[in-house]
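*Asks:* 3D, please:
(chains A and B)
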Amino acid sequence: MGLGRTLAVSLVGLTGHVVEVEAHLAASVPGFSLVGLPDAALAESRDRVRAAVTSSALGWPQRRITVNLSPASLPKSGSGFDLAIAVAMLAGAGVIPTEAPGRIVHLGELGLDGRLRPIRGVLPAVAAAVAAGHRHIVVPAANELEAGLVPGADVVGAHHLAEVASRYGAEVVVPDAVSPTAVVDPIRRAPDLDLADVVGQDDARAALEVAASGGHHLLLVGPPGAGKTMLAARLPGLLPDLTPDEAVEVTAVHSVAGTFDPADGLIRRPPFEDPHHTATAAAVVGGGSGVPRPGAASRAHRGVLFMDESCEPLRTSKPRARCWPCLKTKPHSQLLRTMLHLCTSVPLARSDGAGSLTTSGLRMNRYPAPRESRCTCAAQSSTVTSLMPSCGSSQGSWRSTPQADSRSWRSTATTIPRRATTPPSARGTAACYVTWTRATSQT
Amino acid sequence: MRAKDAVGRYGEKVAVRFLQDAGWVVLDTNWRGHQGELDIVALDGDVLVAVEVKTRSGIGFGHPAEAVTPQKLARVRRLTGQWLAEHTVASRSVRIDVIAVQVARRGAADVEHLVGVV
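*Replies:* This is a model prediction of the structure:
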């Protein structure tokens, strides 16, 4: 009986694997089974594909259909296999030619009316397909722009399953194209802020510039209202554009996270991430059930991770305060420490496979803020203390062991005029780190 | 007799004729066992086949073969065991088939034979 084949891509973390989708149609009691380690979202694909094929007037074969996703041992997740399953099934049923779809990669989620819906992570998926030698890729029209960013890819965007089937030669009425919908509301990136906005704070500004040029981390300590957040937010503005390779890496992370607008093209500016200090560990280091999703640390890849109020856990009397829980609770702090020291990736093991989310270059050796600096600031409540490695002598040690790094911190404290808006009672120390994640590219 | 039962009886007759035309020896029809009925028991050469016949007069509610659920097949399987316990037939193996009959408004009914469905 009929056998149809086509290709799709399974994403585990940021790594794409080309998956062969096979559909076997046997003359038996009609049924549809999907094998090859699908997760819940993918197992539901059966119902979507069936409804979409019927709605597209393509005719559902009354056969026992077995769809296999090969390699069958690799866990697969998400709704991006719908189109490939439908195309393999149609090829097996003889609705479209059997041979043609076998070498083409199909990505996309199907609506019940047969419309093709965009999916997350198209960029790394297309990149993986091209790397595996499969240049011809069919994607939902809403993802066409994003898929086209991968050099060497021959991308075709489609609005409807009937459109794909008719391209293969099926005689079917193609409905009028509907406007594609974005997978999530894309986050509009704010333009880079200018350091010229900062009045005073000469030392902190100098520290910021040194950190930007040398690829160093920065710890800002000072009273509330001194300008730490304002300074940190201006660090990305000092950084150079990403190189083309870095731009693809960064865009791939944001594509998986769903925080990327393909209309703007590749992300060419270093990203800036400032998670709130009560953010959960999963929000910062990445997580989620099934296949892990990138957290703020990964989204700051090749950019700036700004951890505001990193002293909060130290200041509070409650040992289990909900501030930077990833730094406090033991397993997560170990995870973050691993990430910071290894400088390459966060290993996250999940039921559906272990993923590595890249965070290249994150390094911070002492966290939360060193106690001595906190004391300094508490004594001089109107200072911003910037801690940074002494740039002249420590270049070698900066790139060596974390222990060597921690010795190379040097603090500079400057008294600035207290502004009228700063409440006189503001004695507490607020601290934040700024981590520039570009350092590893130089090591 | 209700209309749907009449359609079912007609379909079973069509299926028996279809099998006899194919050279099968029909041993039993509408055999009542414990908790159900076997539509047709026949010999295809030296293979004993229990046939479940499903008839529909249109496809508005789906193809007739679609209505043969796994539960129904499990029942046919159980009944086949009961039939074998009560009869002595020299057969090499046992198989379960489905015959889907679509009754046309005029002209011959459309018969689809699904072999070895369990």
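
*Asks:* longest helix anywhere in chain B?
*Replies:* If each helix of chain B is counted by residues according to DSSP state H, the longest one is helix B:3-21.

*Asks:* Run the contact check for it versus chain A.
*Replies:* No - with CB under 8 Å from any CB of the partner chain as the threshold, helix B:3-21 lies outside contact range of chain A, at a closest distance of 15.5 Å. Glycine gets a C-beta too; all of them are placed from N, C-alpha and C.

*Asks:* Tell me the secondary structure at the most far-flung residue of chain B relative to its centre.
*Replies:* Taking CA atoms, centre = their mean, the residue of chain B most remote from its mean C-alpha position is B:Arg106, at 22.8 Å. When the structure is reduced to helix, strand and coil (DSSP: H, G, I helix; E, B strand; the rest coil), B:Arg106 reads as coil.

*Asks:* Quick one: mean pLDDT for the longest helix of chain B?
*Replies:* Taken as a whole, helix B:3-21 has a mean pLDDT of 93.

*Asks:* Does A:Leu235 touch A:Leu220 like I think?
*Replies:* No - shown here, A:Leu235 and A:Leu220 do not form a contact pair, counting by CB atoms under 8 Å, at 10.1 Å.

*Asks:* Between these two, tell me which one has more neighbours.
*Replies:* Comparing A:Leu235 with A:Leu220 by neighbour count (other CB atoms under 10 Å in any protein chain shown), the higher total belongs to A:Leu220, at 29 against 24.

*Asks:* ok, for the more buried one, nearest residue in space, not its chain neighbours?
*Replies:* Leaving aside its chain neighbours, A:Leu220 sits nearest to A:Lys228 (4.1 Å; criterion: CB to CB, 6 or more residues apart in numbering or on different chains).

*Asks:* so what's the backbone phi/psi at that neighbour?
*Replies:* Here the main-chain torsion angles of A:Lys228 (degrees, to the nearest 10) amount to phi -60, psi -50.

*Asks:* Surely it and A:Gly222 touch.
*Replies:* Yes - contact between A:Lys228 and A:Gly222 holds when scored by CB under 8 Å: they sit 5.5 Å apart.

*Asks:* related to what we said a few turns ago, now what about the longest helix of chain B, what contacts it?
*Replies:* Taking CB atoms under 8 Å, 6 or more residues apart in numbering or on different chains as the criterion, the residues outside helix B:3-21 that touch it are B:1, B:26, B:29-30, B:39-40, B:42, B:51, B:53-57, B:99, B:101, B:103, B:109, B:111, B:113.

*Asks:* Describe which strands whichever helix or strand comes after it pairs with in its sheet and in which direction.
*Replies:* Sequence order places strand B:25-33 as the next helix or strand after helix B:3-21, per DSSP states H and E. With DSSP bridges as the criterion, the sheet partners recorded for strand B:25-33 are strand B:36-44 (antiparallel).

*Asks:* quick one: is the helix or strand following the strand it pairs with near chain A?
*Replies:* Using DSSP H and E, the helix or strand that follows strand B:36-44 in sequence is strand B:47-56. No - among the residues of strand B:47-56, none lie within reach of chain A under CB under 8 Å from any CB; the closest is 9.0 Å away.

*Asks:* for A:Pro61, phi and psi?
*Replies:* Given degrees, to the nearest 10, the pair of backbone angles that A:Pro61 has is phi -70, psi 130.

*Asks:* which residues does the residue lying closest to it once chain neighbours are set aside contact?
*Replies:* If you skip the residues right next to it in sequence, A:Pro61 has A:Ala93 as its closest partner in space, 4.2 Å away by CB to CB, 6+ apart. Listed by CB under 8 Å, 6+ apart, the contact partners of A:Ala93 are A:2, A:4, A:25, A:59, A:61, A:63.

*Asks:* Likewise for A:Ala132?
*Replies:* When contacts are taken as CB under 8 Å, 6+ apart, A:Ala132 is in contact with A:Val18.

*Asks:* Now that we're looking at it, what pLDDT does it have?
*Replies:* The predicted local confidence for A:Ala132 is 95.

*Asks:* how near is it to A:Pro38?
*Replies:* The gap separating A:Ala132 from A:Pro38 is 21 Å, by CB to CB, to the nearest Å.

*Asks:* again with A:Ala8
*Replies:* Distance check for A:Ala8 against A:Pro38: by CB to CB, it reads 12 Å.

*Asks:* of the two, who's got more company?
*Replies:* In terms of neighbours (other CB under 10 Å), A:Ala8 is the more surrounded of A:Ala8 and A:Pro38; the figures are 25 against 21.

*Asks:* beta partners of the more buried one?
*Replies:* Beta-bridge pairing for A:Ala8 (DSSP bridges): A:Val19.

*Asks:* quick one: contacts for it?
*Replies:* Contact analysis of A:Ala8 by CB under 8 Å, 6+ apart lists A:18-19, A:21, A:69, A:80-81, A:83-84, A:105-107.

*Asks:* Over to A:Ala206?
*Replies:* Residues near A:Ala206 by CB under 8 Å, 6+ apart: none.

*Asks:* which neighbours do A:Ala8 and A:Pro38 share?
*Replies:* A:69, A:81.

*Asks:* per-residue pLDDT, A:Ser77?
*Replies:* 85.

*Asks:* number of nearby residues for it?
*Replies:* By other CB under 10 Å, the residues close to A:Ser77 number 21.

*Asks:* Distance check, it against A:Arg46.
*Replies:* Using CB to CB, which is the criterion applied here, A:Ser77 is 15 Å from A:Arg46.

*Asks:* secondary structure class for A:Ser10?
*Replies:* Secondary structure, three-state DSSP: A:Ser10 is strand.

*Asks:* correct me, but it touches A:His17?
*Replies:* Yes - between A:Ser10 and A:His17 a contact is recorded at 4.9 Å, counting by CB under 8 Å.

*Asks:* Tell me which of those two has more neighbours.
*Replies:* More neighbours surround A:Ser10 than the other of A:Ser10 and A:His17, with 25 against 16 (other CB under 10 Å).

*Asks:* gap between the more buried one and A:Val53?
*Replies:* Look at A:Ser10 and A:Val53: by CB to CB, they are 22 Å apart.

*Asks:* before we move on, what about B:Val14?
*Replies:* Distance of B:Val14 to A:Val53, computed by CB to CB: 30 Å.

*Asks:* Show me which of those two is the more surrounded one.
*Replies:* Under the criterion of other CB under 10 Å, the comparison of B:Val14 against A:Val53 puts A:Val53 first, with 24 against 20.

*Asks:* pLDDT value on the more buried one, please?
*Replies:* Per-residue pLDDT puts A:Val53 at 95.

*Asks:* Are there helices or strands packed against the host helix or strand of it, and which ones?
*Replies:* Of the helices and strands defined by DSSP H and E, A:Val53 is found in helix A:45-55. Packed against helix A:45-55, as judged by 3 or more CB pairs under 8 Å, 6 or more residues apart in numbering or on different chains; DSSP states H and E, are the following elements: strand A:31-35, helix A:82-93, strand A:109-110.

*Asks:* which helices and strands sit right next to the first one?
*Replies:* What that stands for is strand A:31-35. For strand A:31-35, the contact count by 3+ CB pairs under 8 Å, 6+ apart identifies helix A:45-55, strand A:64-70 as packing neighbours.

*Asks:* May I have the strands that pair with that strand, each with its orientation?
*Replies:* strand A:64-70 (parallel).

*Asks:* can you list contacts of the strand it pairs with?
*Replies:* Outside of strand A:64-70, the residues that reach it under the criterion CB under 8 Å, 6+ apart are A:8, A:10, A:19-38, A:46, A:76, A:81, A:85, A:88-89, A:92, B:117.

*Asks:* State the mean pLDDT of it.
*Replies:* Here strand A:64-70 scores 94 as its mean pLDDT.
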